[in-house]
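Colleague: Compute the structure for the input listed below.
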Amino acid sequence: MAFARLYEQAAARKGGEAALQSLLPRIAEPGELEVFGDDRYLSEITRCIFKAGFVWRVIDNKWPGFEAAFDGFVPLYWQQVPPEVIEDLARDERIVRNLQKIRTVPENARMIVDAAREHGSFGQFLAQWSSDDQAGLLLWFKRNGSRLGGNTAQYFLRRMGWDGFVLSGDVIAALRRENLLDATPGTKKALMQAQAAFNDWHRETGLPYSHLSKILSFTVGD
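Modeller: Residues are numbered from 1 along each chain as shown. Okay, here's the model as predicted:
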């Protein structure tokens, strides 16, 4: 189905094409993902995990305390951190003291270290993964990371500027409206259906996946 109709609908709802363009997410420039240190990736993954189911601005306001408490999120240290360090963090008032989420840091540090060992850095790992197989990348995160199922990995990728869709409630509603998704959200089948739709639209328009996703959401939400 031609994306032009959806683009026009989104532009009309947002006050015109210029207004719509101003709301589209930023995408990393070529080579930018490779520049970020592995510590920054672990930091942003952890931030997205703590934001899930929580008030985002509270986490953002406390983030300097997180950076201090986790000593800059160096993956090589956190992948083998002593258990007593995790126990101490569960009492640290600089952060949100959610033990289950704190325990994701060593597991995700190991994920980052393993990927970096094979590809040179975690940024290089992400940069070589094509947006036309985002579903495969999301399944990789779910398989290799901790608490990176659902939309958490999608929001992490968006924050880093990796070009991909986010299956927000509005995007899911729009895909259903267009008869492009009938699977249960969060399942592999749903990811593959969404990927197929965005691949078709990308081939049709040449627009980045992040922009296609955001524009689609504007045809539903406020």
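Colleague: in this protein, which spans are strands?
Modeller: Assigned by DSSP state E, the chain shows no strands.
Colleague: Tell me where it is predicted with low confidence.
Modeller: By pLDDT under 70, the low-scoring segments of the chain are 1, 221-222.
Colleague: Surely L216 is in contact with A173?
Modeller: No. Contact criterion C-beta atoms under 8 Å: L216 and A173 do not qualify, at 9.5 Å. All C-beta spots, glycine's among them, are computed from the backbone N, C-alpha and C.
Colleague: Return the residues in contact with L175.
Modeller: Each residue near L175 by C-beta atoms under 8 Å, 6 or more residues apart in numbering is listed here: L181, Q193, A194, A197, L216.
Colleague: circling back: looking only at neighbour counts, state which of L216 and A173 leads.
Modeller: Shown here are L216 and A173; by other C-beta atoms under 10 Å, L216 has more neighbours (29 against 16).
Colleague: which residues does the more buried one contact?
Modeller: L216 neighbours (C-beta under 8 Å, 6+ apart): L6, A10, D170, V171, A174, L175.
Colleague: Against Q134, how distant is the residue nearest to S217 when sequence neighbours are not counted?
Modeller: Nearest in space to S217, with sequence neighbours left out and distances taken as C-beta to C-beta, 6 or more residues apart in numbering, is D170 at 4.1 Å. Remark: distance between D170 and Q134 (C-beta to C-beta, to the nearest Å) = 18 Å.
Colleague: If we go by neighbour counts, what in the longest helix seen in the chain is buried?
Modeller: Identified as the longest helix of the chain according to DSSP state H is helix 188-205. Neighbour counts over helix 188-205 (16 or more other C-beta atoms under 10 Å) mark A190, L191, Q193, A194, Q195, A197, F198, N199, W201, H202, T205 as buried.
Colleague: which ones are touching the nearest residue to R26 once chain neighbours are set aside?
Modeller: Among residues not flanking R26 along the chain, G161 sits closest, at 5.9 Å (C-beta to C-beta, 6+ apart). Listed by C-beta under 8 Å, 6+ apart, the contact partners of G161 are P25, R26, I27, A28, E32, L33.
Colleague: circling back to that earlier point, are any of the contacts of L216 buried, and which?
Modeller: For these, buried by 16+ other C-beta under 10 Å: L6, A10, D170, V171, A174, L175.
Colleague: Now the second one. Nearest residue, chain neighbours left out?
Modeller: When you say that, I think you mean A10. A10 sits nearest to F218 (C-beta to C-beta, 6+ apart), 3.8 Å away.
Colleague: need the contact list for the one you found.
Modeller: Q9, A10, R13, K14, L20, L23, D170.
Colleague: how does it look with 7 Å?
Modeller: A10, R13, K14, L20 (C-beta atoms under 7 Å, 6 or more residues apart in numbering).
Colleague: do the same with N199
Modeller: N199 sits next to D132 when contact means C-beta under 7 Å, 6+ apart.
Colleague: Could you do G145 as well?
Modeller: Here G145 is in contact with E107, N108, M111 (C-beta under 7 Å, 6+ apart).
Colleague: Tabulate these (TSV), appending distance to F141.
Modeller: Converted to TSV, these look like this (distance: C-beta to C-beta, whole Å):
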residue	distance to F141
E107	12
N108	9
M111	8
